[in-house]
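Engineer: Sequence first, then the predicted structure, then my questions.
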Amino acid sequence: MPVQLLDHVPMKVGESLEGRLLYPVYEGNQVAIPAGCLLQGHVVRLDPDKQHRIHSRLWGDFTPFHIPVVQFDNLTMPDGRVLPIVSRNATDGAPVLRLSTPAARTPGSVVSQQVDSLKQQMKDEISLVTAPGRGDRLVQFLYKQLPYHPERIDKGTAWTIELSSPLTVTDSGDSENSPPRTEDSSRGVVKRSSEPTASQETYWRIRAYLQQTISSANEKAGNKFEAMVAEPVFENNHALTVPQGSVLIGTVTQAKPGRSFGRKGKLRFNFRELKLPDGFVEHVEGSLAGVDSNGSAGLQLDSEGGVQPKPQNKVIVPLVLSVLASRAFDEDGSQAANGAVASNGFGTVGRIIGIVASSPNVAAAIGFYGAGLSFYNRWLARGQEVVLMKNTRIEINTTPTRHFLSPAGLQSH
């Protein structure tokens with residue numbers, strides 16, 4: 001069950017949490033727990049985030065970053081009933097980023113790709129100022145300029161929780177638990193397109209959860225994996241075509257690990273088999289259409305359903321930092337001001353040293369350290385891997401190789 005935090009909370013053991021269920025939970029092809037239900041839990045422990053610590057200290061941030069381990073204890077149903085639950089520890093907390101396949105377009109030159117990357121970066125930075133919550137983002141930005149700052153678990157952080165014991169949900173008469181009706185897919189019931197005509201092909205949009213982690217670092221072409229169907233697929237006449245609990249069999253078609261000199265990983269896969277709960281196997285043609293990315297930040301889907309890291313601007317940032325570092329030797333203006341501008345490579349500590357030292361060489365050294373570190377991260381370091389964690393929610397567009405699965409066919413198998 002994907003649970004999203006409703007508000008910021010301090011990074012402390014024992015801190016209370018409240019979240020909402022992002023998607024409905026089905027049982028017997030009917031909604032058992034509607035989306036939006038509230039869950040209450042707490043932080044059970046804090047694990048050290050070693051990778052984050054190392055990276056931050058290189059930039060002058062000595063905060064001892066942690067990964068919160070959480071449990072959820074209660075589930076509040078829409079009718080007000082509070083049901084006790086026992087969840088396993090969850091550590092995969094991260095903001096959920098919804099990815100979808102873009103329209104196909106002709107790739108441009110390297111220069112045009114860098115320009116597009118810069119434009120997107122500028123749009124993202126503008127949204128930080130214009131989007132709601134900018135006051136809180138400003139406070140967090142100022143905190144992160146300090147060599148040590150308080151930690152928190154951000155609003156919107158999501159965990160995928162698994163129950164360690166079964167939960168019995170009795171029917172309270174709510175229409176949400178009645179037999180499925182034709183309704184919008186945001187409420188959990190997924191419809192199949194109408195019967196095929198000469199110009200229209202039947203397809204299913206299937207929502208499923210990965211049953212294991214797949215990564216560009218260690219997968220090979222031909223490797224198999226599974227995804228459990230989370231929501232049943234119905235015809236327009238309410239006939240069941242793909243039951244909840246079915247399993248999609250995926251095959252890795254391309255896997256490139258991240259390599260040195262900033263070469264990023266890439267992962268591509270498809271789905272050719274759908275195994276129904278009764279064991280019957282239907283051959284399908286399926287490709288990735290969407291993914292909730294919370295295990296690996298900065299990913300994108302291409303128009304063919306491949307997953308890869310977003311392109312990173314490799315030129316502008318190192319160049320800007322180098323220009324700023326050279327300001328230390330500028331004879332115009334005060335030496336303290338030039339030192340403050342030049343010493344951008346080690347956070348607030350670096351700026352203080354650059355001002356107090358009253359030495360252009362010291363300020364320039366700190367500034368060029370930041371420029372060099374930025375250049376290394378973008379040009380020399382190992383490129384980012386594509387990692388889709390276990391329980392990642394994915395959406396697949398599938399076309400059955402036969403015209404359709406009739407209800408009679410489902411029952412006969």
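Structural biologist: Arrived safely.

Engineer: correct me, but residue 396 touches residue 203?
Structural biologist: No - with contact defined as Cβ atoms under 8 Å, residue 396 does not reach residue 203; the gap is 10.0 Å. Where C-beta positions appear, they are placed from N, C-alpha and C, glycine not excepted.

Engineer: who has more neighbours, the two?
Structural biologist: residue 396 (25 against 18; other Cβ atoms under 10 Å).

Engineer: The more buried one: what's it in contact with?
Structural biologist: Applying Cβ atoms under 8 Å, 6 or more residues apart in numbering to residue 396 gives the contacts 205, 206, 208, 227, 248, 271, 286, 287, 288, 289.

Engineer: Buried residues, the helix or strand harbouring residue 351. List them.
Structural biologist: Taking DSSP states H and E as the definition, residue 351 sits inside helix 347-356. Residues of helix 347-356 classed as buried: 347, 348, 349, 350, 351, 353, 354, 355 (neighbour count, 16 or more other Cβ atoms under 10 Å).

Engineer: again, but for stretch 278-288
Structural biologist: 282, 284, 286, 287, 288.

Engineer: For residue 269, see how far away the last one is.
Structural biologist: Just to be clear, that refers to residue 288. 7 Å (Cβ to Cβ, to the nearest Å).

Engineer: now swap in the third one and tell me
Structural biologist: From residue 286 over to residue 269 the distance is 10 Å, taken as Cβ to Cβ.

Engineer: per-residue pLDDT, residue 123?
Structural biologist: pLDDT recorded at residue 123 is 67.

Engineer: where are the low-confidence patches of the chain?
Structural biologist: 101-131, 171-202, 294-297, 333, 401-413 (pLDDT under 70).

Engineer: domains in it, as residue ranges please.
Structural biologist: Using automatic domain parsing, the domain parsing of the chain gives 2-97+111-160, 189-298+384-403, 316-380.

Engineer: The last one: end-to-end distance?
Structural biologist: According to Cα to Cα, to the nearest Å, domain 316-380 extends 16 Å from its N-terminal end residue to its C-terminal end residue.

Engineer: Then the longest one?
Structural biologist: Distance between the boundary residues of domain 2-97+111-160 (Cα to Cα) amounts to 4 Å.

Engineer: now the helix or strand harbouring residue 136 against helix 347-356, angle please.
Structural biologist: Per DSSP H and E, residue 136 falls inside helix 134-144. Taking axes from the mean of the first three to the mean of the last three Cα atoms, to 10 degrees, one finds helix 134-144 and helix 347-356 inclined to each other by 60 degrees.

Engineer: Give me the helices and strands touching the next helix or strand after helix 134-144, please.
Structural biologist: Using DSSP H and E, the helix or strand that follows helix 134-144 in sequence is strand 152-153. Contact here means 3 or more Cβ pairs under 8 Å, 6 or more residues apart in numbering; DSSP states H and E; on that basis strand 152-153 packs against strand 9-10.

Engineer: neighbouring contacts of the strand it packs on?
Structural biologist: 15, 16, 17, 43, 150, 151, 152, 153.

Engineer: Direction included, what does that strand pair up with?
Structural biologist: With DSSP bridges as the test, strand 9-10 is paired with strand 152-153 (antiparallel).

Engineer: what sits up against the next helix or strand along the chain from the partner strand?
Structural biologist: For strand 152-153, the succeeding helix or strand toward the C-terminus, using DSSP H and E, is strand 157-160. With Cβ under 8 Å, 6+ apart as the test, strand 157-160 has contacts from 1-5, 19, 22, 70, 90-96, 209, 294, 391.
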